[in-house]
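Q: Need a 3D model of the following:
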Amino acid sequence: MPVDIEKAKRVWPPTCHGRWMSEEYEPGLVSVIIPTYNRAHFLGEAMDSVWAQTYRPIEMLVVDDGSTDNTPQVLEDWGKRHSEDPQFELRYFHQENKGAPAARNLGLIESSGEFIQFLDADDFLLPDKLRQAVETIERSQVDFAYAEVAVSDDRLNLVPGERYGKPLRGHAKDVTAYTWPIMGPVYRRSVNREAGPWDEELAASQDWEYAARIKLLEYACCFDKRVGALFRQHGGARLGGMALRQRLNAWEKATDRVVNAATSLHKLDWQLRDCLSRLYFTQAVTKGRNGSLMEGDRCLYKAWKLSPPVSLIGLAARLLQGCRSTWICVVVDAVLTARCKLLSKLRQWRRA
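A: Numbering: from 1, shown residues only. Next comes the predicted model:
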């Protein structure tokens with residue numbers, strides 16, 4: 001559905017670059033945006049996976065976020081070996097270390113494509129990823145298409161049974177679910193322009209917040225069950241290497257952003273309030289288990305304030321407000337989890 005750009009701007013986070021992407025584009029061109037920071041040992045394989053795409057034309061924008069390794073040399077050598085295709089362009093940008101969201105924003109600002117694909121420097125696209133996505137978007141007349149993403153080890157060997165990506169269900173839970181990883185979708189340019197910049201203040205949960213914002217704007221999309229990319233697990237400093245407390249605080253801040261966006265867009269109905277209050281409650285329980293009691297209380301308060309008038313989460317949050325006993329949080333969490341499982345089994349029984 002058409003999105004009012006002025007309405008969408010109300011939920012845009014600020015960007016350090018002071019400008020935003022143009023409405024103009026080159027028809028048919030896919031812009032693949034790769035932020036990188038000290039990933040020279042993986043970057044070549046990521047770029048190779050873009051070069052190997054069965055789709056053309058492509059521009060690949062690599063944004064170096066202040067790397068201190070040999071990333072510039074890797075890019076120079078790669079460019080010399082891949083200069084013979086007139087329908088493939090490598091574009092390189094450098095910025096001071098500002099984080100992956102700022103690097104992605106610079107890539108969006110400098111991009112020229114009708115379609116946008118994000119790819120982290122340690123991940124990998126399968127050869128038909130872009131072709132299948134563009135064909136799906138044009139055939140189905142949707143705003144973006146996203147593929148399933150498989151998990152691999154550091155040598156790109158598949159981890160059995162590990163997959164990311166699932167279809168939307170038409171429920172408020174879609175907004176809060178982790179539906180696709182960063183490299184899953186290919187977007188029409190208009191989606192990224194209207195949804196606004198990546199949130200540069202988020203140290204974690206940035207992909208979840210960005211996807212939630214896009215869902216709130218209600219773009220038409222398609223899910224492709226075919227695996228289109230690989231998420232590489234490795235021992236480097238991925239987000240998983242971040243301290244737990246830092247990750248939890250970023251998750252809370254990202255949830256705050258989604259609440260504000262939903263409020264601004266008048267989408268905060270009772271179902272979404274319930275889903276978001278459950279997130280705050282989960283954050284409170286996790287923080288309580290890890291000794292961050294004051295921060296846990298803050299999340300409990302947010303869960304209570306956001307929850308619908310008649311809500312088990314709201315009641316539990318109110319009862320626990322100001323409580324410094326971690327085990328009570330754990331017990332309530334266990335009770336709520338058991339209740340959800342019981343209700344799920346009852347629904348399955350009724351359908352049968």
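Q: and the residue most central in space within the chain, what does it touch?
A: Among the residues of the chain, the one closest to the centroid is D207, at 2.0 Å (Cα atoms, centre = their mean). Counting by Cβ atoms under 8 Å, 6 or more residues apart in numbering, D207 touches 181-182. Glycine gets a C-beta too; all of them are placed from N, C-alpha and C.
Q: now do 6 Å
A: Counting by Cβ atoms under 6 Å, 6 or more residues apart in numbering, D207 touches I182.
Q: How about residues contacting the helix or strand where V134 lies?
A: Assessed by DSSP states H and E, V134 sits inside helix 129-140. If you take Cβ under 6 Å, 6+ apart as the criterion, helix 129-140 is touched by 30, 53-55, 145, 186, 222, 228-229.
Q: The same query, at a cut-off of 8 Å, please.
A: Contacts of helix 129-140 (Cβ under 8 Å, 6+ apart): 28, 30, 32, 53-55, 58, 115, 117, 142-147, 185-186, 188, 220, 222, 224, 226, 228-229.
Q: moving C-terminal of that helix, what's the next helix or strand?
A: Remark: after helix 129-140, the chain's next helix or strand is strand 144-152, criterion DSSP H and E.
Q: tell me the angle of the helix or strand following that next one relative to strand 144-152?
A: Sequence order places strand 158-164 as the next helix or strand after strand 144-152, per DSSP H and E. Using axes from the mean of the first three to the mean of the last three Cα atoms, to 10 degrees, the direction of strand 158-164 lies 150 degrees away from that of strand 144-152.
Q: Indicate each strand paired with strand 158-164 and its parallel or antiparallel sense.
A: Looking at strand 158-164 with DSSP bridges, its partner strands are strand 144-152 (antiparallel).
Q: Quick one: distance of the partner strand to the chain centre.
A: With Cα atoms, centre = their mean, to the nearest Å as the basis, strand 144-152 stands 12 Å off its chain's centre.
Q: Check stretch 155-168 too.
A: Distance, centroid of stretch 155-168 to centroid of chain: 16 Å (Cα atoms, centre = their mean).
Q: tell me which residues of that stretch are tucked away?
A: By neighbour count on 16 or more other Cβ atoms under 10 Å, the buried set for stretch 155-168 is 164-165, 168.
Q: before we move on, what about stretch 122-142?
A: 122-126, 128-130, 132-134, 136-137.
Q: pLDDT and distance to F93 for those residues - can I get that in JSON lines?
A: Below are the buried residues of stretch 122-142 laid out as JSON lines (pLDDT from 0 to 100; distance: Cβ to Cβ, whole Å):
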{"residue": "D122", "pLDDT": "94", "distance to F93": "19"}
{"residue": "D123", "pLDDT": "96", "distance to F93": "19"}
{"residue": "F124", "pLDDT": "97", "distance to F93": "22"}
{"residue": "L125", "pLDDT": "98", "distance to F93": "20"}
{"residue": "L126", "pLDDT": "98", "distance to F93": "26"}
{"residue": "D128", "pLDDT": "98", "distance to F93": "28"}
{"residue": "K129", "pLDDT": "98", "distance to F93": "23"}
{"residue": "L130", "pLDDT": "98", "distance to F93": "21"}
{"residue": "Q132", "pLDDT": "98", "distance to F93": "28"}
{"residue": "A133", "pLDDT": "98", "distance to F93": "24"}
{"residue": "V134", "pLDDT": "98", "distance to F93": "24"}
{"residue": "T136", "pLDDT": "97", "distance to F93": "29"}
{"residue": "I137", "pLDDT": "98", "distance to F93": "26"}
